[in-house]
Every structure is written in structure tokens, then in C-alpha cells.
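S.K.: I'd like to go over a predicted model; first the sequence, then the structure.
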Amino acid sequence: MQQENRDGFSSRFGVVAAAAGSAIGLGNIWRFPYVLGENGGGAFFLLYMVFILFLGVPLMLTEMSIGRAGQRNTYGSFRKLAPKSKWYLIGIMGVVGAYMILSFYSAVAGWTLQYLYDAIANNFYGKDPQALDQMFGAFTSGSFMPVVWTLVFLFLTGLVVVAGVEKGIEKYTKILMPLLFLIIIVLDIRAITLDGASEGLKFLFYPDFSKLTSKVVLEALGQAFFSLSLGMGTIITYGSYIDKKEKLFSSAASVSLADTAIAVLAGVAIFPAVFAFGIEPDSGPGLVFITLPNVFQQMTGGYFFSILFFFLLVIAALTSSISLLEVIVAYFAEELNMSRVKATIIGFTSVGILGVMCALSFGPLKSVTIGKFTLFNLFDYLSSNILLPVGGMLIVFFAGWIWSRKSVAQEVLGEGKPETSLFKLFMFIIKFIAPFAIALVFLNAIGLLKF
Ligand code: PFF
């Protein structure tokens, strides 16, 4: 029964492409620049890279191993690997995290659909930076179109999940993601040749350590995990589909590399333009939507490129949202014994309600706040800065201290293979560095420890 549900989702070949599809999304192109902009630039960037390399890659390898060994969804994998214990709670946290992320993610993906429409209708044409800023504000504060687009996007996500990902998505993402890569490089070239671009590159790459606070450190960690889809079991779920013959080291490394490359290239496309057009780098979630239409206007063929870019961004968002909905659906289907169709309908409806509320957080529900957060900001903040770091910490702790070293080695290296020095380094990180580093960053930021 469980096997059937999972096998319908994806063929075993090319799951690495699916993991990369999950990782590469709005997190790279929308969230990375805006969070970096709000957290002072270069110092954030440096930390982000350090976290990707020393915590992200090992955590990705860990999640892939747990999933492939468990052969189930996150909850089920922990149940199988650590029976009669409470580790399955990580799976429950993952489902809660998927709900939160998918809700605000669909709202932003909805903006992307509107911008695809605007690109086709040539609505950016002739607008200066102020006008584009107003255009974004007027659209997101509305109460109708943002809701419609959120639901359209979620519906598309549900359609793919219910139909099963199989060959279609894998085949297309393999062509479309490299195309996204190319288009961002074209944008990069245009952006860095704008007058005043060097300010932007300096902001992005030059670390000003006076900007470093405990909050910035946690935001960089949260963004690293968010971007790689880590800390909530998405990669555990995908790991369970990876063929036993596949080498996990190289899979984890290539997914992380591709994801990081796209984020950096997006930063290079955006910050030179931010400074060249006099946009504030800490403008928040609208940053990309205000900046890039300016760049398109300065390009030969800008009309064509803007359509292609927003189309590819929708696809990138879709391959990520599928993985989020899959976490929810696989849990409902496998653990609560629902049919896949029923699980998807329940998932779509419940996320839809939350997603609509997130979409309205910039308009009618703007003043409905919890603490200083609208629902959109709350879900964005809570998931990246609490659920993912805590989840990631528990996952590496589990693999380092609870799961036997022999089983980890068997999954990572293959049956009966001797330990390599890379494997020893990996074990050292997940046992002694990662859990404690994440805990320190986290406790420091929430004020329980002070450095
Ligand atoms: N990694 C995705 C992105 O960068 O857009 C977002 C995401 C997907 C986060 C899946 C978490 C997740 F489990």
C-alpha cells in the first residue's frame, strides 16, 4: 500500500533532478535577495555560503540517507528507523512546516503569475522605478486578483501531485531549469553593465561585519535551509525514491551547488540594478518584482526576456510547491490511509484557506497582526527561522547520535564499503559540529544565550 502511493509519484531515475527542482525556486530568486537586502548585504552573504557548505550539504546528505533507508515519508521513516521512540515528531513538525511555507509560497507564486500576465500584456512598458513600485503595491494590496492567482497556483500544484510527477515533470525540469540558469546569466550581464552597478556588487559581496547581529546570523541559517528545502523532511521524502545504486555524496553536492549558483546569480542580477535605479535594498518581499521589470526595460528584447523569465519562475516555483504539497499528501495518504486523491483535495483546501489569508496580508488583512507580524510574515519567519533550524538540528543529531554509524555508512557509502576520509569528516560534522552550531545560532538569536 505504502509502496504504491510512493511509486506513483516519481520514477526512480532522475530523482536528483526532482530534488534540485524542490530546492531551486522562489527561495533563490525572490527570498534570497530580499532577506539579504534586509540584513545588510555582504556579511549575510558570507555566512550564508558558510552555512550552505558546512551545515547545508551535510544535512542534505543526512536527509537523503534517512529517506532512502526508511523508504517512507518523513514520519514513517523515523518510525521505521527508530521504532518505539518519539523521533517521528520530526515528521509532524515537517507537515506543520510544509503547511506554513506552502501558504505564503503560493501567495508569492500568485504574484509571479500576475507578473507573467503583465509581461505578456507589456504592462511594464514605459514605467519608471516609482511607477513600478506603485504597480506592485497596488496589485498586492488588492483583495481579488492576489487571491485568484494564489488559488490558481495551488490548483496547478494539486493537479501535478494528484497525477503523479512521473516522467513529465522530470523531463521538463531538466530542460527548463538550465534555461532559467541561462536567462539569469543574460540578466546578470545587463545588470552589471548598468551605470552605478558596482555599488550593488559591493553591497552583495563586501562583508561589512558591523552589520552582523545574532538576528542576521539566524536569518542566514534559515535562508540556507529554506533554499535547500532542508529541515522539514522534504528531502527525506525524496530520498526514499532514490535508487540504491545512486551515490548520495555526489547527489547532495550537485543539488546544493546548482541551488547556490542560482541564488548567487539572482543576487548579481538584482543588486546592481537596485542601486542603479535607486531602489532601497531593504524594500522587503517586493524587491525582485520592482527591480527586474526595470532591468527588462533597459534590455534589447526586454519584452521577450520578461515573459520567458516569469514563465520560468512560475515553473521553478511549481517544482518546489509540488515537493511541499507532497510532504502533506504523502503523510495523509500513507499514515492516515487516505486515497491520494482525497489526501490532495484535503491538502489543497486547507492550504488554500491559509494561502488566501497570506495573499490578503498586504491588503485587507494588513492590520491583522500577531505581535508585529501579518500572517504572511509570521509564516515566513516562523518556518525559516524556527521550524527549519530546529528540524535540521534534530535530524543531524538523530543521524549522529541515535542511528548507528554502521547504518549511516551503509547508506552513504554502500553495503560493506570501508569508511573514507570524506565520510569521517561528514560524521564528525553531523555529530560534533552541526547540532551544536545550529543550537548556538538559534539560542543566541532568541536571546536564551548571549555572545
Ligand atoms: N527550496 C524552495 C525554494 O528555494 O524556493 C522552497 C522550499 C521547498 C522550502 C521545499 C522547503 C521545502 F521543504
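M.R.: Received the coordinates, thanks.

S.K.: what's the helix or strand for the closest residue to the ligand within the stretch 251-400 of the chain?
M.R.: Nearest residue of the stretch 251-400 of the chain to the ligand: S320, at 4.1 Å (Cβ to the nearest ligand atom). (C-beta placed from N, C-alpha, C; glycine too.) Assessed by DSSP states H and E, S320 sits inside helix 302-335.

S.K.: Past that helix, which element shows up next along the chain?
M.R.: helix 340-359.

S.K.: Which positions in that next one come out as buried?
M.R.: The neighbour-count check on helix 340-359 (16 or more other Cβ atoms under 10 Å) flags 340, 343-345, 347-348, 351-352, 354-359 as buried.

S.K.: Now distance to the ligand and pLDDT too, for the residues you listed, in a markdown table please.
M.R.: Listed next are the buried residues of helix 340-359 as a markdown table, based on distance: Cβ to the nearest ligand atom, whole Å; pLDDT from 0 to 100:
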| residue | distance to the ligand | pLDDT |
| --- | --- | --- |
| R340 | 19 | 88 |
| A343 | 17 | 95 |
| T344 | 17 | 94 |
| I345 | 21 | 96 |
| G347 | 14 | 97 |
| F348 | 17 | 97 |
| V351 | 13 | 98 |
| G352 | 18 | 98 |
| L354 | 16 | 98 |
| G355 | 15 | 98 |
| V356 | 20 | 98 |
| M357 | 19 | 98 |
| C358 | 15 | 98 |
| A359 | 17 | 98 |
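
S.K.: Spell out which parts of the stretch 151-300 of the chain neighbour the ligand.
M.R.: With Cβ under 6 Å from any ligand atom as the criterion, the stretch 151-300 of the chain meets the ligand at residues F226, S227, S229, M232, T234.

S.K.: want to throw the residues you listed into JSON lines with pLDDT?
M.R.: JSON lines is the format used below for those (pLDDT from 0 to 100):
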{"residue": "F226", "pLDDT": "98"}
{"residue": "S227", "pLDDT": "98"}
{"residue": "S229", "pLDDT": "97"}
{"residue": "M232", "pLDDT": "94"}
{"residue": "T234", "pLDDT": "94"}
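
S.K.: Inside strands: which ones of those?
M.R.: Secondary structure assignment by DSSP state E places none of these in strands.

S.K.: farthest-separated two in these?
M.R.: Based on Cβ to Cβ, the longest span within those runs between S227 and M232 and measures 12.9 Å.

S.K.: quick one, which of these two is more surrounded?
M.R.: M232 (31 against 28; other Cβ atoms under 10 Å).

S.K.: Now do the contacts for the more buried one.
M.R.: T74, M93, G94, G97, A98, I101, V327, S383, L387, L388, G391 (Cβ atoms under 8 Å, 6 or more residues apart in numbering).

S.K.: now the first one, nearest residue through space, not along the chain?
M.R.: Computed as Cβ to Cβ, 6 or more residues apart in numbering, the closest residue to T74 that is not its neighbour in sequence is G233, at 3.0 Å.

S.K.: Hmm, that neighbour is touching V327, no?
M.R.: Yes: G233 is within contact range of V327, at 6.1 Å (criterion: Cβ atoms under 8 Å).

S.K.: shared neighbours of these two, which are they?
M.R.: Common neighbours of G233 and V327 (Cβ under 8 Å, 6+ apart) are N73, T74, G94.

S.K.: most neighbours, which of those?
M.R.: Counting by other Cβ under 10 Å, top hit in the shared contacts of G233 and V327: T74 with 33 neighbours.

S.K.: Phi, psi for that residue please.
M.R.: Here is the backbone geometry of T74 (degrees, to the nearest 10): phi -60, psi -50.

S.K.: repeat for the one 10 residues further on
M.R.: Backbone torsions of K84, given as degrees, to the nearest 10, read phi 60, psi 40.

S.K.: F373 too?
M.R.: Torsion angles, degrees, to the nearest 10, at F373: phi -100, psi 140.

S.K.: Skip the chain neighbours and tell me the closest residue to it.
M.R.: What sits nearest to F373 in space, not counting adjacent residues and going by Cβ to Cβ, 6+ apart, is Y381, at 6.3 Å.

S.K.: Do a quick rundown of the strands in the protein.
M.R.: Going by DSSP E, the chain shows no strands.

S.K.: Spatially central residue for it, please.
M.R.: By Cα atoms, centre = their mean, the chain has its centre lying nearest to S227, at 3.7 Å.

S.K.: The nearest residue to that one once chain neighbours are set aside and Y105: what is the separation?
M.R.: Distances taken as Cβ to Cβ, 6+ apart place G27 nearest to S227, at 4.3 Å, with adjacent residues excluded. Distance from G27 to Y105, counting by Cβ to Cβ, to the nearest Å: 9 Å.

S.K.: Now do the shared contacts for the two.
M.R.: In contact with both G27 and Y105: S320, using Cβ under 8 Å, 6+ apart.

S.K.: count of neighbours near the residue in the stretch 1-150 of the chain positioned nearest to the ligand?
M.R.: Nearest residue of the stretch 1-150 of the chain to the ligand, counting by Cβ to the nearest ligand atom: G27, 2.0 Å away. Neighbours of G27 under the rule other Cβ under 10 Å: 29.

S.K.: Go ahead and confirm it touches F226.
M.R.: Yes: the pair G27 / F226 is scored as a contact, 5.1 Å apart, by Cβ under 8 Å.

S.K.: and the closest residue in space to L230 that isn't next to it in sequence, what does it touch?
M.R.: For L230, ignoring the flanking residues on the chain, the nearest one in space by Cβ to Cβ, 6+ apart is L59 at 5.0 Å. With contact taken as Cβ under 8 Å, 6+ apart, L59 is in contact with F225, L228, L230, G231, G392, I395, V396, I430, A434.

S.K.: swap in G37?
M.R.: Each residue near G37 by Cβ under 8 Å, 6+ apart is listed here: F271, V274, E280, P281, D282, S283, L287.

S.K.: Stretch 346-363: how far from the chain's middle?
M.R.: 18 Å (Cα atoms, centre = their mean, to the nearest Å).

S.K.: Stretch 412-421 too?
M.R.: With Cα atoms, centre = their mean, you get 30 Å for stretch 412-421.

S.K.: Using ChimeraX, define a selection of the buried residues within the contacts of G37.
M.R.: Of those, the buried ones go into a single ChimeraX selection, burial set by 16+ other Cβ under 10 Å:
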select :271,274,281,283,287
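
S.K.: Quick one: mark the members of the contacts of G37 that sit in helices.
M.R.: Using DSSP state H, the members of these that fall in helices are F271, V274, L287.

S.K.: now the closest residue to V356 other than its chain neighbours: how far from K202?
M.R.: Of all residues not flanking V356 in the chain, V147 sits nearest, at 5.2 Å (Cβ to Cβ, 6+ apart). As judged by Cβ to Cβ, V147 and K202 stand 40 Å apart.

S.K.: No further queries at this time; thank you.
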